[in-house]
Every structure is written in C-alpha cells, then in structure tokens.
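Novice: generate coordinates for the sequence data below:
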Amino acid sequence: MVLLLFASMGMGKVMFQRNIGIDSLHFGHAILQLPSGNYFITGAGGLSASVFLYKLNKFGNTLWCKTYKPSTNYSS
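Specialist: Residues are numbered from 1 along each chain as shown. Predicted coordinates:
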C-alpha cells in the first residue's frame, strides 16, 4: 500500500478511494488531475529504486500503470 487517493465532490462526499502502489516499499510523490478528470500519479522506491506512473480515470479505476527500473549497466 503506497498511496491512498481520495476524490470528493465537496461537502465531504467521497467519490472514490484507492490504494495505489507496487509494494510497501514504494511511496507516492505527486498527483496531477487532468482537465478530463483523469489523474496521473507518480512514485518511487523499493529495493530496485524503481519509479512508477499510474493513470486513473475520473472514477479512480486504473487505466494503465508503467514501472521504470534503473539500468544495471553502469559502464561508460
């Protein structure tokens, strides 16, 4: 569980809440709501120092998720 996302319509009414993340070692960093109502969520962490990017629709359903892992090739 990395990030607990709440969306509300004012007056305290929760439209959705979601647990987002890969594992307990990852942490959310930023949330951006698009004009369409969709969301981008970024985070990072874990043993592999990976970065993740989620796209949710305006109802909180995952549209896609991408994980970026660092290259282990450090040669110049």
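Novice: going forward, measure contacts between C-alpha atoms and count neighbours the same way
Specialist: OK.
Novice: now stretch 51-69: buried residues?
Specialist: When neighbours are counted by 16 or more other CA atoms under 10 Å, the buried residues of stretch 51-69 are found to be 51-58, 60.
Novice: among these, which lie within strands?
Specialist: For the buried residues of stretch 51-69, membership in strands holds for 51-56, with DSSP state E as the criterion.
Novice: for those, give me CSV that also has pLDDT and distance to K13.
Specialist: Compiled in CSV, these are given as follows (pLDDT from 0 to 100; distance: CA to CA, whole Å):
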residue, pLDDT, distance to K13
V51, 84, 32
F52, 85, 29
L53, 89, 27
Y54, 89, 24
K55, 93, 23
L56, 91, 19
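Novice: columns distance to L34 on top of the residues you listed, output as TSV?
Specialist: Listed next are those as TSV, based on distance: CA to CA, whole Å:
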residue	distance to L34
V51	20
F52	18
L53	14
Y54	13
K55	10
L56	10
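Novice: centre of the chain to stretch 36-50, how far?
Specialist: 4 Å (CA atoms, centre = their mean, to the nearest Å).
Novice: my bad, stretch 36-55
Specialist: From the chain centre to the centre of stretch 36-55 is a distance of 4 Å (CA atoms, centre = their mean).
Novice: who are the contact partners of L47?
Specialist: L25 (CA atoms under 8 Å, 6 or more residues apart in numbering).
Novice: helix/strand/coil for it?
Specialist: Using DSSP: H, G, I helix; E, B strand; the rest coil, the secondary structure recorded for L47 is coil.
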